[in-house]
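Visitor: sequence and predicted structure below; questions after.
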Amino acid sequence: MSTMASPAQPTPRPGEGVISWNINTACNYRCSYCTQRFKEDHGRWSRDTPRFLAAFARLPGRWEIKLSGGEPFVHPTLDELTAGLAGLGHRVSVVTNFSASRDKLRAFVAAARGRIGVFSCSLHLEYVDTEAALDELLARARWLQGELDAAHDPALPAPHLCVTTVATRAVLPRLPALATRCAEAGVVFKVQPEKQ
């Protein structure tokens with residue numbers, strides 16, 4: 001019997017790759033802890049849309065494209081990009097400050113054609129600064145989860161919606177209560193570390 005170890009096997013390639021893409025630098029918020037630099041060049045972003053879609057069309061296999069920014073929902077061709085990515089067979093995930101109207105959110109879901117992976121709603125407590133505003137955000141999150149579920153392509157993993165908040169020093173004491181509020185609303189809550 002040989003005592004030599006068998007050679008290491010390569011890690012199998014996953015069925016789906018992941019690309020994180022900051023599609024813009026514009027945002028309608030100016031959070032005190034944000035590390036983003038703001039530059040609003042909407043004309044350039046619109047001109048670049050066909051080139052980006054052509055580049056994604058050359059990727060081998062299926063990918064999850066994670067859109068963030070800035071704020072993706074202020075990108076002038078977000079729905080065109082989303083529809084193009086979905087049409088190429090890719091899944092689309094998004095990180096948003098969740099300030100877009102229900103009409104814009106519904107248009108995004110329609111453009112994704114049931115191919116949404118993760119919908120991450122960032123809870124920025126400098127803007128969602130009252131109990132009523134938090135109630136509204138959680139109600140919109142529940143509504144959006146219903147929209148995602150209704151549009152979901154059953155051949156793909158189910159879409160995942162979560163609410164996240166940045167754990168700044170000022171927010172730390174509020175995290176347990178926020179987690180409880182989200183749990184009571186049936187919304188997944190996650191915490192992000194503060195970047196400095």
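Guide: Everything's here; your move.
Visitor: can you name the next helix or strand after the helix or strand bottoming out on mean pLDDT in the chain?
Guide: In the chain, no helix or strand scores lower on mean pLDDT, DSSP states H and E than helix 42-57, which sits at a mean of 82. Sequence order places strand 62-68 as the next helix or strand after helix 42-57, per DSSP states H and E.
Visitor: helix or strand right after that following strand?
Guide: helix 78-87.
Visitor: sheet partners, orientation included, of the helix or strand following that following helix?
Guide: Moving toward the C-terminus from helix 78-87, the next helix or strand (DSSP H and E) is strand 91-96. Using DSSP bridges, the strands paired with strand 91-96 are strand 62-68 (parallel), strand 116-122 (parallel).
Visitor: now strand 91-96: mean pLDDT?
Guide: The average pLDDT within strand 91-96 is 97.
Visitor: what angle do it and helix 78-87 make?
Guide: 150 degrees (axes from the mean of the first three to the mean of the last three C-alpha atoms, to 10 degrees).
Visitor: need the residues that contact strand 91-96.
Guide: Strand 91-96 has contacts (C-beta atoms under 8 Å, 6 or more residues apart in numbering) with 16, 62-69, 71-73, 82, 85-86, 108, 112, 115-122, 156. Placement of C-beta: from N, CA and C, glycine included.
Visitor: which pLDDT does the model give the residue nearest to residue 194 when sequence neighbours are not counted?
Guide: With C-beta to C-beta, 6 or more residues apart in numbering as the criterion, residue 194 has its nearest non-adjacent residue at 4.9 Å, and that residue is residue 168. Note on residue 168: pLDDT of 90.
Visitor: partners of residue 16 in the sheet?
Guide: residue 62.
Visitor: which residues touch it?
Guide: So residue 16 contacts 61, 62, 63, 64, 91 (C-beta under 8 Å, 6+ apart).
Visitor: any figure for the gap between the residue nearest to residue 194 and residue 132?
Guide: Plainly put, residue 168 is 22 Å away from residue 132 if you go by C-beta to C-beta, to the nearest Å.
Visitor: and the longest helix for this protein?
Guide: For the chain, the longest helix by residue count, based on DSSP state H, is helix 131-151.
Visitor: adjacent strands (with direction) for the helix or strand just after that helix?
Guide: Downstream of helix 131-151, the next assigned helix or strand under DSSP H and E is strand 160-167. Note on strand 160-167: by DSSP bridges, its sheet partners are strand 116-122 (parallel), strand 188-193 (parallel).
Visitor: now, of these, which is deepest in the fold?
Guide: strand 116-122 (a mean of 22; mean count of other C-beta atoms under 10 Å).
Visitor: report the distance from that strand to the chain centre.
Guide: 4 Å (C-alpha atoms, centre = their mean, to the nearest Å).
Visitor: helix 131-151 and that one, what's the angle between them?
Guide: Using the same axes, to 10 degrees: strand 116-122 against helix 131-151 is 180 degrees.
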